[in-house]
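[1] Generate coordinates for the sequence data below:
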Amino acid sequence: MLIRNLWLVASFFIVLTGIAAPSGLVVALGVFVFLVGGLARAWSHLSLERLSYQRVLPERRAFVGEKLPFSQVLINRKPLPLPWLEVEDRIPNALAPVGRTLKPSYLPNTGLLARSTALSWYERLTWDYELQCTERGYYKLGPARLRSGDLFGFFRQERQEEQSHEILVLPRMYDLQKMDLKPARPAGELRGRHLLVEDPLRPAGVRDYRPGDSVRRLEWKATARRGTLQSRVFEPAASLELLIALNINTMELSWEGYDPVLLERAISTAASIARDSLEARLATGLVANGSYPGADRPLRVAPARNRDQLTRILEALAVISPLTLTPLEQMLEEQRRLLPSGCSLVLVTALLDRPLTATLLNLASRHPISVVAVGDQIEAPEGLDVTNIGSAFRLGEAVPR
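    As a prediction, this is how the structure comes out:
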């Protein structure tokens, strides 16, 4: 405060010196310093008045790899010009504008988009950018900080704009056919354009055994009677539903942390399966043992096949965090009573431990189950259909769609 009021003390001292001299020139100099300092102080005090800062984001969602248009708008609504103005807006590093370098920030994974300019009276200024969406996630832009002052730089004013904007970066989706994972395969056999899912509680008879039939389908009484292996045949399920179960665990032990590469593979694979199953007119849902940001509840999206369902699933996958709240096998047991008989289940995972395997085998008596492995080769337990697609990612065969 003393330094900021130094002009007042200096002008007073100069005037007293001029009177004591006596010297009219010195007194005039003191008055001049007083007037200039007062003008500068008033200019600084009014510099941020009626000055508005706006972020313009026509779109708030994008896929990984896409760009979002972003503008900063400054409007000076007063007759007082601003000789200098500094703007610092907080931007996540994963959304760094194309061609701009962010200044370091005290917050992790966040930088400052800094620019300076001058504004004349009643001037409107717009800076246009493109935000490069490099990582899936839920992000916030802001707050912003404005600084300005007088012409000489003696006095400074600062203001923080608390308004923030949210952006969702949705996971990348892949062409499953080029990864040796047919879009309809996780949900059953595709005959023509009609998806057939059998209901294990609605037997329709028996037929001769075919290579690939599960041991659980064998009908031993009919086999003994006819002398050849016989497999059960079931009626189609009344409701064509698919539940995608996403296991976000990528390490055997939770305290080891997580593998971000495997996590993103799993999330993108789940998103791709959801897209293809909805295109096949299946009611599709999602459960995951991750959590929403700032929430203590696991992620669930009830099966549906309306036109907004894919958006709901992608938004849920975009915000999911690697924090595991509940074991996936426990979530599947809780979900079991909510699923209609015959509802197909697809597990997307990098790991397949014993508790999860036991739960899947238990569910297999009522639901067709497939496992899609995105990491290293997972040994397929007897009774479970496991498809490994990790090599497609490693060899670059995973093609975005």
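[2] Low-confidence regions, the stretch 101-250 of the chain specifically.
    Within the stretch 101-250 of the chain, the set of residues satisfying pLDDT under 70 comprises 180-202, 234-239.
[3] Would you state the helices of the stretch 101-250 of the chain in chain order?
    Along the stretch 101-250 of the chain, the stretches classed as helices by DSSP state H, counting those that start in this stretch are 220-226.
[4] Please save the CA atoms from the longest helix along the chain in CSV.
    Counting by DSSP state H, the longest helix found in the chain is helix 24-46. Once non-C-alpha atoms are left out, helix 24-46 reads as follows in CSV (Å, rounded to 0.1, in the frame of the first residue of the first chain):
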residue,chain,number,x,y,z
GLY,A,24,7.2,28.2,-8.1
LEU,A,25,8.7,25.7,-10.6
VAL,A,26,9.2,23.1,-7.9
VAL,A,27,5.6,23.7,-6.6
ALA,A,28,4.3,23.2,-10.2
LEU,A,29,6.3,20.0,-10.5
GLY,A,30,4.7,18.7,-7.3
VAL,A,31,1.2,19.6,-8.5
PHE,A,32,1.9,17.9,-11.8
VAL,A,33,3.1,14.7,-10.1
PHE,A,34,-0.1,14.8,-8.0
LEU,A,35,-2.3,15.2,-11.0
VAL,A,36,-0.6,12.5,-13.1
GLY,A,37,-0.6,10.1,-10.2
GLY,A,38,-4.3,10.8,-9.4
LEU,A,39,-5.2,10.3,-13.1
ALA,A,40,-3.2,7.1,-13.3
ARG,A,41,-4.9,5.8,-10.1
ALA,A,42,-8.4,6.6,-11.4
TRP,A,43,-7.6,5.1,-14.8
SER,A,44,-6.5,1.9,-13.2
HIS,A,45,-9.5,1.8,-10.9
LEU,A,46,-11.9,2.0,-13.9
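[5] And that helix, what does it pack against?
    helix 6-20, strand 144-149, strand 156-161 (3 or more C-beta pairs under 8 Å, 6 or more residues apart in numbering; DSSP states H and E). Bear in mind the C-beta positions are built from the backbone N, C-alpha and C, glycine included.
[6] what residue lies at the spatial centre of this protein?
    Nearest to the geometric centre of the chain sits residue 137, at 1.9 Å (C-alpha atoms, centre = their mean).
[7] what's across from the residue lying closest to that residue once chain neighbours are set aside in the sheet?
    Nearest non-adjacent residue to residue 137, counting by C-beta to C-beta, 6 or more residues apart in numbering: residue 169, 5.5 Å away. Residue 169 has these beta-bridge partners by DSSP bridges: residue 62, residue 137.
[8] what's the spacing between the residue nearest to the centre of the chain and residue 232?
    Noted for residue 137: a distance of 46 Å to residue 232, by C-beta to C-beta, to the nearest Å.
[9] And residue 120, by the same measure?
    Taking C-beta to C-beta, one finds residue 120 at 83 Å from residue 232.
[10] Looking at these two, which is more packed in?
    residue 232 (18 against 12; other C-beta atoms under 10 Å).
[11] The more buried one contacts residue 203, doesn't it?
    Yes - contact criterion C-beta atoms under 8 Å: residue 232 and residue 203 qualify, at 5.9 Å.
[12] pretty sure residue 146 is touching residue 82, no?
    No - contact between residue 146 and residue 82 fails when scored by C-beta under 8 Å: they sit 10.0 Å apart.
[13] what do these two both touch?
    Here residue 146 and residue 82 have residue 51 as joint contacts, going by C-beta atoms under 8 Å, 6 or more residues apart in numbering.
[14] Would you mind telling me which of these two has more residues around it?
    Shown here are residue 146 and residue 82; by other C-beta under 10 Å, residue 82 has more neighbours (24 against 21).
[15] what are the bridge partners for the more buried one, then?
    residue 119.
[16] ok, it - contacts?
    47, 51, 76, 118, 119, 120, 148.
[17] For PyMOL, write the selection for the buried entries among these.
    With 16 or more other C-beta atoms under 10 Å as the criterion, this PyMOL line picks the buried residues out of the contacts of residue 82:
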select buried, resi 47+51+76+119+148
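[18] ok, the contacts of residue 82 vs residue 246, which is closest?
    residue 51 (46.9 Å; C-beta to C-beta).
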